[in-house]
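Asks: Let's see this in three dimensions:
(one chain, ligands or ions: 2)
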Amino acid sequence: MKIESITLREIQMPLVHFFETSFVRIYSRRIFLVSVDCEGVRGWGECVAGEDPFYSSEWIESAWPTMTKYLAPALLGKVVSQGRDAVALMARVRGHRMAKAALENALWDAEARAKQQPLWKLLGGTRTEIPCGVSIGIQDSHEQLLEKIETELNAGYRRIKVKCKPGWDVEVFGKIRDRWSDILLSCDANSAYTLEQMDHLKKFDRFNLLMIEQPLWHDDFYFHAQLQKKLKTSICLDEAIHGARDAQAAIELGACRIVNIKVGRVGGFSEAIAVHNVALKNGIPVWCGGMLESGIGRSHNIALSTLKNFTLPGDVSASRRYWKEDIIEPAVEVSAQGFIKVPETAGRGFKIRTDLIEKLTVRKKILRAGVSSAAD
Ligand code: OSB
Ligand code: MG
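Replies: Numbers count the residues shown, from 1 in each chain. Ligands and ions are numbered 1, 2, ... in the order given. Predicted coordinates for the structure are as follows:
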């Protein structure tokens, strides 16, 4: 596949309901899409960087120029036989994993199309349906949160994860457990606590949580390992795991018993598979995290979730929970039993709604092999 051109776009999509974590509340997503054209085959990828550098140092305004100035030029004009080849071509750039992932994944998407194979098979997946959970943000009131949980349980979701922070934690868990004593329940702190709050964090053990996700600093394993020794509840790392070596180090240190894999956070499908394999070898279950993706990133998350060690329900849920209209067809749907059926068709398995994307586009740049472009 010769990489002839790369198109970058920003589309803006309002969320059906605001999403609040311990670090920000957002009402709308600025979504960064890339498409790569390789001799008549087009692959799509989504850069999951946020609106602000709050979840990670990467954000949409760092990803865009990194892509135009370094990553796209490293790929344009090159001939690759598989998506995986993008990794070496972009290796000179340090970090910027979400930007790299968008391009690498777009090439896997193209490769699957070119080989007339489902993307998930190309990734080495085996599952025909994937179990789904939901991530529920911090709400304006406890009542509003309980109502949301009820709606999602009625829709069939198999695990409820609630965002938490000091002041929105044990009281909330208590109210949830009073009403639903035996559902699979977990929490995600997005680094809202420090080790000084050890005694407080120990209270989480009363609620039979499946896990507590990234309670401490975003870049730490060492102190998570100290905390894990004192907690009955399993720690799951999200922010701190940037690749397979991190996963191995964290697991060997005892910093977590579960790993959240986000393909953007680790830099693309190749590294996501490597993290999955390290966890599998060490008997650590994984699940697929989400970044409020449009249908393109969502379809890639579905494909990734078909790998063997994705044994826990992920944060991959129906399009309608986020968007009035998704940019893929059909939209992602979840069965009444809480599963997404994995598409059997070649490629990502969902069609792109090109007209809708065009309508939502607020910024677009086409980069071609052999044509140098001024940075913007
Ligand atoms: O920590 O998992 C997280 C969204 C944005 C940033 C970080 C996180 C999240 C989510 C949303 O929890 C999961 C989803 O896409 O539904
Ligand atoms: Mg998380």
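Asks: which SS class is Ile26?
Replies: For Ile26, the assignment made with DSSP: H, G, I helix; E, B strand; the rest coil gives strand.
Asks: and it, what does it touch?
Replies: 15, 18-20, 51, 292 (C-beta atoms under 8 Å, 6 or more residues apart in numbering). Yep, even glycine has a C-beta here, placed from its N, CA and C like the rest.
Asks: so who does Ala240 touch?
Replies: Shown in contact with Ala240 (C-beta under 8 Å, 6+ apart): 214, 217-221, 224, 246, 250, 255.
Asks: now the helices for the stretch 51-200 of the chain?
Replies: Ranges of helices in the stretch 51-200 of the chain, per DSSP state H, counting those that start in this stretch, are 60-66, 72-75, 86-89, 97-114, 119-122, 142-155, 170-179, 198-202.
Asks: Tell me which residue of the stretch 201-350 of the chain lies closest to ligand 1.
Replies: Closest approach of the stretch 201-350 of the chain to ligand 1 (C-beta to the nearest ligand atom) occurs at Gly290, with a separation of 2.4 Å.
Asks: What residues are bridge-paired with the residue of the stretch 101-250 of the chain found nearest ligand 1?
Replies: Relative to ligand 1, the nearest point of the stretch 101-250 of the chain is Ser135 (3.5 Å; C-beta to the nearest ligand atom). Per DSSP bridges, the residues bridged to Ser135 are Lys161.
Asks: For it, give its distance to Asn260.
Replies: According to C-beta to C-beta, to the nearest Å, Ser135 and Asn260 sit 10 Å apart.
Asks: now stretch 13-28, how far from the centre of its chain.
Replies: With C-alpha atoms, centre = their mean, to the nearest Å as the basis, stretch 13-28 stands 16 Å off its chain's centre.
Asks: what about that stretch, start to end distance?
Replies: 6 Å (C-alpha to C-alpha, to the nearest Å).
Asks: same question, stretch 308-318
Replies: Start-to-end, stretch 308-318 (C-alpha to C-alpha) is 22 Å.
Asks: quick one: that stretch near ligand 1?
Replies: Yes - looking at stretch 308-318 against ligand 1 by C-beta under 6 Å from any ligand atom, the contacts come from 315, 317.
Asks: Report the mean confidence score over that stretch.
Replies: Stretch 308-318 carries an average pLDDT of 98.
Asks: Can you tell me which residues in the stretch 101-250 of the chain are near ligand 2?
Replies: 188, 213, 238 (C-beta under 5 Å from the ion).
Asks: mind redoing it with 6 Å?
Replies: 188, 190, 213-214, 238 (C-beta under 6 Å from the ion).
Asks: who wins for neighbours among the residues you listed?
Replies: Neighbour counts for these, by other C-beta atoms under 10 Å, peak at Glu213, which reaches 28 neighbours.
Asks: That one pairs with what?
Replies: Beta-bridge partners of Glu213, counted by DSSP bridges, are Asp188, Cys236.
Asks: on that earlier part again, in PyMOL, select just the buried ones from the contacts of Ala240.
Replies: In PyMOL, a selection of the buried entries from the contacts of Ala240 looks like this (16 or more other C-beta atoms under 10 Å):
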select buried, resi 214+217+218+220+221+224+246+250+255
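Asks: before we move on, back to that, got the contact list for the residue of the stretch 101-250 of the chain closest to ligand 1?
Replies: So Ser135 contacts 161, 163, 188, 290, 315, 317 (C-beta under 8 Å, 6+ apart).
Asks: residue nearest the centroid of this structure?
Replies: By C-alpha atoms, centre = their mean, the chain has its centre lying nearest to Gly290, at 3.3 Å.
Asks: name the element it belongs to?
Replies: According to DSSP states H and E, Gly290 maps onto no helix or strand at all.
Asks: Pretty sure it sits against Pro313.
Replies: No - contact status for Gly290 versus Pro313: not in contact, 11.6 Å apart, counting by C-beta atoms under 8 Å.
Asks: quick revisit: leaving out chain neighbours, which residue sits closest to the residue nearest to the centre of the chain?
Replies: Asp315 (3.8 Å; C-beta to C-beta, 6 or more residues apart in numbering).
Asks: Please list all residues in contact with that neighbour.
Replies: Contacts of Asp315 by C-beta under 8 Å, 6+ apart are 133-135, 161, 287-290.
Asks: returning to what we had before: for the contacts of Ala240, which one is nearest Ile176?
Replies: Ile176 lies nearest to Gln214 out of the contacts of Ala240, by C-beta to C-beta, at 19.7 Å.
Asks: Backbone dihedrals for the closest one, please?
Replies: Per-residue torsions, Gln214: phi 40, psi 60 (degrees, to the nearest 10).
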